[in-house]
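Q: sequence plus predicted model, see below.
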Amino acid sequence: MKSVSKERRESRLKRHDRIRRRVSGTEAQPRLCVFRSHAHVHVQIVDDARGVSLVGASTLSPELKGALAGKKKTEASHEVGKLVAARALAKGIKRVRFDRGGYIYHGRVKAVAEGARAGGLEF
């Protein structure tokens, strides 16, 4: 597997910092942040005012482990988005701000957003 170059990783982190200056979660509208690695996707809903993670889900979640067998990474990301939306709605969270984490809104990041919208979250 090809590793990501140091310059590319630093560039993504700079983009992430610029986005984080503009996007912050409040109690009324928390932040839905996405992290993707080569193999997995992790999603959290964060209240930045209190500094706590309210809801989280990933491709490693026990609820999805069997359901993701044989699916492509983008399909799995869509399922993660639906799972985090279901967990958020159970806690009374309906509106969120989307933080793509410096990643391009394409592929797995877009699939998470579409899954969360399909699950009932509003951006």
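A: Thanks, I have it. Numbers count the residues shown, from 1 in each chain.
Q: is it true that residue 76 touches residue 59?
A: Yes: Residue 76 is within contact range of residue 59, at 5.1 Å (criterion: C-beta atoms under 8 Å). Where C-beta positions appear, they are placed from N, C-alpha and C, glycine not excepted.
Q: identify the contacts common to those two.
A: Common contacts of residue 76 and residue 59, defined by C-beta atoms under 8 Å, 6 or more residues apart in numbering, comprise 41, 68.
Q: and the residue most central in space within the chain, its phi and psi?
A: Closest residue to the average C-alpha location of the chain: residue 34 at 2.7 Å, with C-alpha atoms, centre = their mean. Torsion angles at residue 34 (phi, psi; degrees, to the nearest 10) stand at phi -120, psi 130.
Q: I'd like the distance between it and residue 74.
A: 13 Å (C-beta to C-beta, to the nearest Å).
Q: same thing with residue 54?
A: Taking C-beta to C-beta, one finds residue 54 at 25 Å from residue 74.
Q: so which of those two has more stuff around it?
A: Applying other C-beta atoms under 10 Å to residue 54 and residue 74 shows that residue 54 carries more neighbours, namely 20 against 17.
Q: who's in contact with that one?
A: Counting by C-beta under 8 Å, 6+ apart, residue 54 touches 30, 44-47, 88, 91, 93.
Q: residues in contact with residue 117?
A: Residue 117 sits next to 81, 85, 123 when contact means C-beta under 8 Å, 6+ apart.
Q: roughly how far does it sit from residue 65?
A: Using C-beta to C-beta, we find residue 117 at a distance of 24 Å from residue 65.
Q: do the same with residue 103
A: 24 Å.
Q: between these two, which one's more packed in?
A: Set residue 103 next to residue 65 and count neighbours by other C-beta under 10 Å: residue 103 wins out with 19 against 10.
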